[in-house]
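*Asks:* got a sequence here, can you build the structure:
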Amino acid sequence: MDQIQVTSSITGIIAAATQVSNLLGQIKDAPASIIAVLTEVDYIKIIFLALQRFLDKATRLSGGRAALIQLEDVVVLLTQTVLVFSDLESLVSPISNREKTSYPVRLTWTRIQGGVMGLVNQLQRHKTSLILLLQIVQW
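*Replies:* Alright, predicted model coming up:
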């Protein structure tokens, strides 16, 4: 996977994060836990936007710093993040597009909340790894 493919993957992840954010943002009178998930997805999107900006400038960095990051590590993170966002989107899609948070939406949320929070935890780990990768290169 070369830099163009990595950049394309990051663009896809940003689009997926935007989609999940939009789905969650459509839920009116959302419980605090949905707002927390929305906030975390938005933070993750910010990190991937930073990674995208970094890759746009990567050709101008010194070879030594850029060499500290293995492309395979980035590919693993990107692949795992794509899979998590796909799962997250499929979980939250049924509860979006509601004028108000109704009883069925709250019931569905209660049923899927554990799975959603597990996926958010995975995204947080990916975010932490990406932050560390960016700090290594910027060091």
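
*Asks:* centroid residue for the protein?
*Replies:* The structure's the chain has its C-alpha centroid closest to residue 44; by CA atoms, centre = their mean the separation is 4.5 Å.

*Asks:* confidence score at residue 108?
*Replies:* We note a pLDDT of 82 for residue 108 in this prediction.

*Asks:* also residue 98?
*Replies:* We have a pLDDT of 57 for residue 98.

*Asks:* now residue 10
*Replies:* Per-residue confidence (pLDDT) for residue 10: 88.

*Asks:* quick one: it and residue 75 touch, right?
*Replies:* No. Using CB atoms under 8 Å, residue 10 makes no contact with residue 75, being 11.1 Å away. All C-beta atoms are positioned from the backbone trio N, CA, C, and that covers glycine.

*Asks:* ok, these two, which is more surrounded?
*Replies:* residue 10 (21 against 14; other CB atoms under 10 Å).
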